[in-house]
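# predicted model, plus sequence, below.
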Protein chains: 4
Amino acid sequence: MDIGFLGMGTMGRPMARNLARAGYDVTVWNRSPGKAADVVDYGASEAPDLADVLHKSVVFSSLADDGAFTESVLSAPSLQAAKQGSVHVNLATVSPGKSGEAEAALSERGIFYVAAPVFGRAEVAEAGQLTVLAAGDPGAIDVVAPMLDVIGRRTWRIGEDPAQANVVKILGNYLIANAIQAMAETTTVAEKVGGSPELLMEIMNDSLFPGGVYQGYGAMIAQRRYEPAGFRLPLGLEDVRLALAQAHAVNVGLPFGSVLEDLFLDALAHGQADQDWSAVTEATRRRAGLP
Amino acid sequence: MDIGFLGMGTMGRPMARNLARAGYDVTVWNRSPGKAADVVDYGASEAPDLADVLHKSVVFSSLADDGAFTESVLSAPSLQAAKQGSVHVNLATVSPGKSGEAEAALSERGIFYVAAPVFGRAEVAEAGQLTVLAAGDPGAIDVVAPMLDVIGRRTWRIGEDPAQANVVKILGNYLIANAIQAMAETTTVAEKVGGSPELLMEIMNDSLFPGGVYQGYGAMIAQRRYEPAGFRLPLGLEDVRLALAQAHAVNVGLPFGSVLEDLFLDALAHGQADQDWSAVTEATRRRAGLP
Amino acid sequence: MDIGFLGMGTMGRPMARNLARAGYDVTVWNRSPGKAADVVDYGASEAPDLADVLHKSVVFSSLADDGAFTESVLSAPSLQAAKQGSVHVNLATVSPGKSGEAEAALSERGIFYVAAPVFGRAEVAEAGQLTVLAAGDPGAIDVVAPMLDVIGRRTWRIGEDPAQANVVKILGNYLIANAIQAMAETTTVAEKVGGSPELLMEIMNDSLFPGGVYQGYGAMIAQRRYEPAGFRLPLGLEDVRLALAQAHAVNVGLPFGSVLEDLFLDALAHGQADQDWSAVTEATRRRAGLP
Amino acid sequence: MDIGFLGMGTMGRPMARNLARAGYDVTVWNRSPGKAADVVDYGASEAPDLADVLHKSVVFSSLADDGAFTESVLSAPSLQAAKQGSVHVNLATVSPGKSGEAEAALSERGIFYVAAPVFGRAEVAEAGQLTVLAAGDPGAIDVVAPMLDVIGRRTWRIGEDPAQANVVKILGNYLIANAIQAMAETTTVAEKVGGSPELLMEIMNDSLFPGGVYQGYGAMIAQRRYEPAGFRLPLGLEDVRLALAQAHAVNVGLPFGSVLEDLFLDALAHGQADQDWSAVTEATRRRAGLP
């Protein structure tokens, strides 16, 4: 089956390459060309025009945010060229509202919209081990399921409303942000009382909290190693705000989320925009008078 | 080596039994007698008097809190009978301050004080799979290390100051409380937008957050199954307050901790004292207008 | 001097009437006509068309919010008819960003934009006792100063940037919201310990906190008298959010503001949208288990 | 009537002097002697022994805190000398619990205990313009009412339970702390957007918030003038904690109070212990990246 793939960023590239390597006929496109070399090595072709990609039977997009998705898909004139009955799979973290808007706009043109945000960083994408959260028309998901199996270790079906997949994705990121702050508070206390933040994190990861989130961020926080940024602090703030916006829209206050927002702002007010989002820890440390 | 063991609660009993089963000569004592039947089955003897236990070469205690430890150990007249050079191992979660006080009081009498709080609930204690956090005189820890290996899967050495082990224990419990509230907020949002809290928790546990804390509490929270209480809500509040007190003593504010304290108070104001501490979730749900 | 006046709401009507009574030649307009009877009684005329008002030498507007101001002024085709060198005075609480946009748009057409939000409710407007916060071109403010003196007891000059007047207005409302919550917390404690919230508020108003805010809201809160709403709860939330948005835009966290936002959401989740914003008190009471 | 007066601090001295000036036969005592010169000038005598004061018909005390009151009154051996039917008036800010304890202890000895904490600083005490909050046996309050009228401009009767007067006093101080933080947040935003914190505070005091609290602290905050301290920051933290403790004891969370506690801790972690409690503002400024 012919696949179009939009977006050759740090996540899009490995996902597209894995699809090409699995034998799919993949045509990729990126706003700024020349980013797709290693995907092409695996047999994909790079399209000069967006239209060449948007008329494929299945189109994946992995674009930066709501704005990029609107520009390159929803408002793209070449969307007119899209095939009736084709499936658009949005792998990016967009707001649930944007997914709702996309479904309405695409279904009007006879295109199925599947939201399929993923958990996992670039290395996990390379290894084809992402966790995929798919929501949308069940038949459309059936069509793309084998492809999602190439991209990830497991696909969860979240329901027929695409927005629900985005909600799960946002809440997952929100849980990570909460874990980061919980570790920030505990390591700060540990250091202030003369203990070892690193030992604390090692013990926690070995006993109560196994898994990559506590291990990876725990080590970064304990060692205050925030660069190079795996996920930049302003993006982290954006994710916290997506969770807050979603919650506030249904009259739910998130007290932890509001605390997080303030700590991220504190970090930005102290010039930490280029650090990893786990560097929000420094706000807690500063308030405690640590150097 | 002859071992005394104080406290036949839900944690003390399985730990003492495992020591007896491993062949140690264990004498147990409990304030209200008759709780030690299954320990005696494994060859331990039950002492009628506290003094019979306090003069052993190694004395373990697993008592409810600071107050019980003070009464049955620090202020006990029979402490006079304790052996010079004996080792007292406190397995309970007491405040770091109480550990400091204990070390001072016992070392005056020639007794080594080892703080050895544990991670794990009753089932884990049964299985001898606790995580042990030991701090105190290194030689004294060497003496009791084989016994701690019977009780737990792994012993972490936290240093020479007993209070540091209590700090790690308190911070570990604090991390659990934070994870509970993070799950409370996310499941509340999920339910309000028409999603499935159970599916959300299942996905999180499968992907970002493996391990028993997120799995066990995640399921309890998603299903709102808070009884019977594994750890009662007022005890959870006490643990949060131990963390707050420790942090405040060194001029560290814990914004998440203050939010937690308020939510626990909200739960108590709504008659939830007999529920599991994960039931603090209900405060978040009520505020969101959920039934 | 000929004056146009847009917006015959609870605030606009008394302000326009006071200008007419003072002898100014006032022409009023309201989106839905027939609201200006008592203003006309004092000699004003009601214009059928927006254009009749927008071309006056001085135009005041007192419209509901950013949206209404944009529709009836900034995007109004009849703005073309506006006089070179005329002055537009915006008496409403709009966001600082909207004031910036207005100044840019109007100055392009040769119109001076003065932001002049006011403190005071309808009764205060009736009495011509508002506090006026004026910012914009100093010469333009000089022109309208006598009119502002008719409307209010005192005009503060905030500077040349109109947005600064809106910032002061927003921060003033934010201070009121904070005072409301402080009173909510203290009256809730007073009631829980068997004291009298009313006596507490009376004492505070007589000693530490004179003035209408503590007196008026203090009595409403102590007596739980939230209807009829002087200022509806959702509008209160909007004002808190204006303050949060302004603060966040410059990387300032407002911890009190975030708490307020959550309490307002709690109130909305409990169906309090038609009550006065001081009814946010009920969220604090509910959390404390009060009926 | 013969009056004893304990405590020649900044508040006790002017109150005792006003009583002497009004013609009362006043005998004063202070732990460290020689502080009463100006009171003696007005006809009072200074007693060398605590016992000389404790056996008077009416005894006022104005001591630093719970501890000083316990030491110099409740646990004082010379309390045995106290007169049956005499009245003890405690003018200090003690915890409600301490008042309860005092009433029980003194009534056993046939002494009436009246709690009479006051609002107002030293200058207000000099002028005899304090606000007095009196609670206790109505007959006993009748006896001392003329004296309280000398000390203050107005005496509020809070009821028969002395602790209730302390609750009102604590909640009043808590309202001040809240106003301080509200002003801290608004002045910080004002400064960050290029406005004038001083003008902001002046406008607020002139319009929405008349009275000494907003005027005095508003000016100190806007000018960042925190020394000499009228009320030291650690004492401010103690007052916030009295409110928190009172609220928590009845399962009421105070979200603003928890935020305040953290900000005071932040200030202490940054070496601000000798500044006025309004200097807690600096924590908000630092977080916002202001110098």
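Alright, I've got the coordinates.
# contacts and neighbour counts: CA atoms only from here.
Will do.
# run me through the strand neighbours of the lengthiest strand in chain A, direction for each.
Among the elements of chain A assigned as strand by DSSP state E, the one spanning the most residues is strand A:152-159. Using DSSP bridges, strand A:152-159 pairs in its sheet with strand A:130-135 (parallel).
# give me the mean pLDDT for the strand it pairs with.
For strand A:130-135, the mean pLDDT works out to 98.
# for that strand, C-alpha coordinates in CSV please.
As requested, the backbone C-alpha atoms of strand A:130-135 are provided in CSV (Å, rounded to 0.1, in the frame of the first residue of the first chain):
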residue,chain,number,x,y,z
LEU,A,130,6.9,3.1,20.6
THR,A,131,3.6,2.8,22.4
VAL,A,132,0.9,3.9,20.0
LEU,A,133,-2.5,5.3,21.2
ALA,A,134,-4.9,5.0,18.3
ALA,A,135,-8.4,6.4,18.1
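# what's in contact with it?
Around strand A:130-135, the neighbours that count as contacts under Cα atoms under 8 Å, 6 or more residues apart in numbering or on different chains are A:114-120, A:124, A:141, A:148, A:151-165, A:168-169, B:207.
# just give me how far that strand sits from the chain centre.
11 Å (Cα atoms, centre = their mean, to the nearest Å).
# any buried residues in it, and which?
Within strand A:130-135, the residues scored as buried using 16 or more other Cα atoms under 10 Å in any protein chain shown are A:L130, A:T131, A:V132, A:L133, A:A134, A:A135.
# now flag whichever of those is closest to chain B.
Nearest to chain B among these is A:T131, at 6.7 Å by Cα to the nearest Cα.
# the residue nearest to A:D274 when sequence neighbours are not counted and A:L268: what is the separation?
For A:D274, the nearest residue in space outside its immediate sequence neighbours is A:R232; the separation is 6.0 Å by Cα to Cα, 6 or more residues apart in numbering or on different chains. For A:R232, the distance to A:L268 under the criterion Cα to Cα, to the nearest Å works out to 11 Å.
# so which strand or helix has the residue in the stretch 101-250 of chain A positioned nearest to chain C?
Closest contact between the stretch 101-250 of chain A and chain C, by Cα to the nearest Cα, is at A:H248 (7.1 Å). According to DSSP states H and E, A:H248 maps onto helix A:233-249.
# now that helix, how far from the centre of its chain.
Counting by Cα atoms, centre = their mean, helix A:233-249 comes out at 13 Å from the chain centroid.
# and for stretch A:141-148?
For stretch A:141-148, the distance between its averaged C-alpha position and the chain's averaged C-alpha position is 19 Å (Cα atoms, centre = their mean).
# just stretch A:163-183 next, same as before
The gap between the average C-alpha position of stretch A:163-183 and the chain average comes to 11 Å, counting by Cα atoms, centre = their mean.
# so, in contact with chain D or not, it?
No: using Cα under 8 Å from any Cα of the partner chain, stretch A:163-183 never reaches chain D; the gap is at least 15.6 Å.
# now that stretch: average pLDDT?
Here the mean pLDDT over stretch A:163-183 is 98, rounded to a whole number.
# okay, buried residues for that stretch please.
Buried residues in stretch A:163-183, counted by 16+ other Cα under 10 Å: A:163-183.
# equivalent analysis for stretch A:147-163, please.
Buried residues in stretch A:147-163, counting neighbours by 16+ other Cα under 10 Å, are found at A:147-155, A:157-163.
# and for stretch A:108-117?
A:R109, A:I111, A:F112, A:Y113, A:V114, A:A115, A:A116, A:P117.
# got CSV for these, with secondary structure too?
Supplementary listing: the buried residues of stretch A:108-117 in CSV, determined by DSSP: H, G, I helix; E, B strand; the rest coil:
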residue, secondary structure
A:R109, coil
A:I111, coil
A:F112, strand
A:Y113, strand
A:V114, strand
A:A115, strand
A:A116, coil
A:P117, coil
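# show me what contacts the residue nearest to the spatial centre of chain A?
Here the mean C-alpha position of chain A is nearest to the C-alpha of A:T93 (Cα atoms, centre = their mean), at a distance of 4.6 Å. The contact partners of A:T93, by Cα under 8 Å, 6+ apart, come to A:A64, A:D65, A:P117, A:V118, A:N166, A:K169, A:I170.
# one more pass at 7 Å, please.
By Cα atoms under 7 Å, 6 or more residues apart in numbering or on different chains, the contact list for A:T93 reads A:D65, A:P117, A:N166.
# stretch A:190-199: how far from the chain's middle?
Between the mean C-alpha point of stretch A:190-199 and the mean C-alpha point of its chain there is a distance of 33 Å (Cα atoms, centre = their mean).
# next, the buried residues of that stretch.
Within stretch A:190-199, the residues scored as buried using 16+ other Cα under 10 Å are A:A190, A:E191, A:K192, A:V193, A:G195, A:S196, A:P197, A:E198, A:L199.
# and stretch A:17-35, by the same measure?
By 16+ other Cα under 10 Å, the buried positions in stretch A:17-35 come out as A:17-21, A:24-30, A:35.
# using JSON lines, lay out those residues together with pLDDT.
As requested, the buried residues of stretch A:17-35 are arranged in JSON lines below (pLDDT from 0 to 100):
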{"residue": "A:R17", "pLDDT": "97"}
{"residue": "A:N18", "pLDDT": "97"}
{"residue": "A:L19", "pLDDT": "97"}
{"residue": "A:A20", "pLDDT": "97"}
{"residue": "A:R21", "pLDDT": "96"}
{"residue": "A:Y24", "pLDDT": "97"}
{"residue": "A:D25", "pLDDT": "96"}
{"residue": "A:V26", "pLDDT": "97"}
{"residue": "A:T27", "pLDDT": "97"}
{"residue": "A:V28", "pLDDT": "97"}
{"residue": "A:W29", "pLDDT": "96"}
{"residue": "A:N30", "pLDDT": "94"}
{"residue": "A:K35", "pLDDT": "89"}
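# give the contact list for the residue in the stretch 51-200 of chain A that chain D sits nearest to.
Relative to chain D, the nearest point of the stretch 51-200 of chain A is A:K192 (10.8 Å; Cα to the nearest Cα). Residues near A:K192 by Cα under 7 Å, 6+ apart: B:V250.
# where's the residue nearest to the centre of chain A relative to C:N166, distance?
Counting by Cα to Cα, the gap from A:T93 to C:N166 is 35 Å.
# and A:A51, how far from A:G4?
10 Å.
# neighbour count for the two, which is higher?
For A:A51 versus A:G4, the count of surrounding residues by other Cα atoms under 10 Å in any protein chain shown is larger for A:G4: 28 against 19.
# show me what the more buried one is bridged to.
Partner residues in beta bridges with A:G4, using DSSP bridges, are A:T27, A:V59.
# got the contact list for it?
Counting by Cα under 7 Å, 6+ apart, A:G4 touches A:V26, A:T27, A:V28, A:V53, A:L54, A:K56, A:V58, A:V59, A:F60.
# pretty sure the second one sits against A:D52.
No: in this structure A:T27 lies outside contact range of A:D52 using Cα atoms under 7 Å: 8.0 Å.
# and for stretch A:12-32, what are the contacting residues?
The contact list for stretch A:12-32 (Cα under 7 Å, 6+ apart) reads A:1-8, A:36, A:39, A:42-47, A:50, A:53, A:62, A:125-126, A:128, A:147, A:150-151.
# oh, I was asking about stretch A:75-85
Judged by Cα under 7 Å, 6+ apart, the contacts made with stretch A:75-85 from elsewhere in the structure are A:L50, A:A51, A:L54, A:H55, A:K56, A:S57, A:V73, A:R109, A:G110, A:I111, A:F112.
# output those residues as a markdown table; include the columns pLDDT, secondary structure and distance to chain B.
Putting these into a markdown table (pLDDT from 0 to 100; DSSP: H, G, I helix; E, B strand; the rest coil; distance: Cα to the nearest Cα, whole Å) gives the following:
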| residue | pLDDT | secondary structure | distance to chain B |
| --- | --- | --- | --- |
| A:L50 | 92 | helix | 34 |
| A:A51 | 91 | helix | 35 |
| A:L54 | 92 | helix | 31 |
| A:H55 | 92 | coil | 33 |
| A:K56 | 96 | coil | 31 |
| A:S57 | 96 | coil | 29 |
| A:V73 | 92 | helix | 26 |
| A:R109 | 93 | coil | 27 |
| A:G110 | 95 | coil | 26 |
| A:I111 | 97 | coil | 24 |
| A:F112 | 98 | strand | 21 |
